[in-house]
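Asks: test case, fold it:
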Amino acid sequence: MKLFLYRLWQLFVMAPVIVVTTIMTALFTMAVCALGFGRWGGYYPPRFWARVFCLVSLVKVTVKGRENISPNTSYLFVANHQGAYDIFSIYGYLNHNFRWMMKQSLRKIPFVGAACAWSKQIFVDNSSVAGVKRTMEEAEAQLRGGMSLVVFPEGARTWNGRMRPFKKGAYKLAMEFDLPVVPVTIDGAFDVMPRFKKLPHWGHITLTIHKPVMPEADGHDLERLMTLTRRAINSSLPAAQRDGAAE
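Replies: Alright, predicted model coming up:
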């Protein structure tokens with residue numbers, strides 16, 4: 001009965017609110033960025049949109065560890081990728097201005113793709129060597145401006161709740177700029193909307209912001225960096241979803 005009522009809520013309340021909010025937020029973001037306020041417009045309107053998305057989906061988000069980061073420091077945030085609501089929970093509740101490194105396919109989403117382009121989110125192009133180079137140059141430009149980046153190093157959502165292998169690309173940016181790397185554990189998004197579901201389920205998502213992994217005196221070591229961040233993310237997952245090799 002609860003699920004039936006929730007589906008009615010989704011049809012008559014959630015869907016209309018999300019459609020209207022998405023269009024209005026995208027148009028507002030594009031307008032603000034066109035006027036030269038891209039640093040503000042690329043984060044705060046979408047943060048409002050993401051919170052609305054969670055609220056009308058009846059998804060509660062709890063954040064732990066905000067004391068581990070400073071609003072005035074540039075970071076590379078790396079998070080596990082459980083489902084579609086990873087984006088809304090981080091955008092809405094991380095409370096730190098950043099840009100995404102995201103798939104090229106998201107550019108095709110009506111309104112959202114255009115707003116992401118105007119706000120200088122970074123679309124990852126793995127189609128060619130030139131595309132990869134262009135992606136890295138765009139990311140470097142954001143980092144030189146003092147912006148933080150968020151990336152899902154798995155590259156795609158998990159099928160079973162356990163983390164997939166991490167890719168090295170984003171970590172190389174942290175090495176080049178000696179950036180602190182902040183592991184973020186997302187727990188609960190797999191139950192809300194995994195990649196094989198078309199509709200969300202109400203639920204509770206917990207974001208755990210771990211302490212940054214700081215560069216050593218001679219900079220980051222790639223293998224150490226990937227191991228430490230994966231281990232930190234893994235430590236806050238339920239036992240059934242932990243990667244035994246990462247512990």
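Asks: give me the distance between the helix or strand of the chain with the lowest mean pLDDT and the centre of its chain.
Replies: Least confident element among the helices and strands of the chain, by mean pLDDT, DSSP states H and E: helix 129-144 (a mean of 81). Centroid separation for helix 129-144 versus its chain: 18 Å, with C-alpha atoms, centre = their mean, to the nearest Å.
Asks: what does that helix contact?
Replies: 74, 99, 101, 120, 122-126, 149, 169-170, 172-173, 176-177, 179 (C-beta atoms under 8 Å, 6 or more residues apart in numbering). (Glycine included, C-beta is placed from N, CA and C.)
Asks: what subset of those residues is buried?
Replies: 74, 99, 101, 120, 122-125, 149, 169-170, 173, 177, 179 (16 or more other C-beta atoms under 10 Å).
Asks: lowest pLDDT pick from the residues you listed?
Replies: Among the buried ones among the contacts of helix 129-144, D125 carries the lowest pLDDT, at 81.
Asks: any idea how far that one lies from A114?
Replies: 17 Å (C-beta to C-beta, to the nearest Å).
Asks: end-to-end on stretch 209-227?
Replies: 17 Å (C-alpha to C-alpha, to the nearest Å).
Asks: count of neighbours near S235?
Replies: By the criterion of other C-beta atoms under 10 Å, S235 has 14 neighbours.
Asks: and for A130?
Replies: 9.
Asks: spatially central residue in this structure, please.
Replies: Centroid-nearest residue in the chain: I87, 4.6 Å away (criterion: C-alpha atoms, centre = their mean).
Asks: tell me the first helix or strand C-terminal of the strand or helix carrying it.
Replies: Per DSSP states H and E: I87 is located in helix 85-93. Per DSSP H and E, the first helix or strand lying C-terminal to helix 85-93 is strand 98-103.
Asks: quick check: mean pLDDT of the following helix or strand past that next one?
Replies: Counting by DSSP H and E, the element after strand 98-103 in chain order, helix or strand, is helix 112-118. Averaged across helix 112-118, pLDDT comes to 96.
Asks: from the chain's centre, how far out does stretch 104-114 sit?
Replies: That offset, for stretch 104-114, works out to 16 Å (C-alpha atoms, centre = their mean).
Asks: and for the closest residue to P153 other than its chain neighbours, the neighbour number?
Replies: Excluding the flanking residues, the one nearest P153 by C-beta to C-beta, 6 or more residues apart in numbering is F166, at 4.0 Å. Number of residues near F166 (other C-beta under 10 Å) recorded here: 21.
Asks: quick one, helices of the chain?
Replies: Assigned helices in the chain, in chain order: 2-9, 15-34, 38-41, 44-56, 85-93, 112-118, 129-144, 169-177, 189-192, 222-235 (criterion: DSSP state H).
Asks: in the second one, which residues are buried?
Replies: Of the residues in helix 15-34, those scored as buried under the neighbour-count criterion (16+ other C-beta under 10 Å) are I18, T21, T22, T25, A26, F28, T29, M30, V32, C33.
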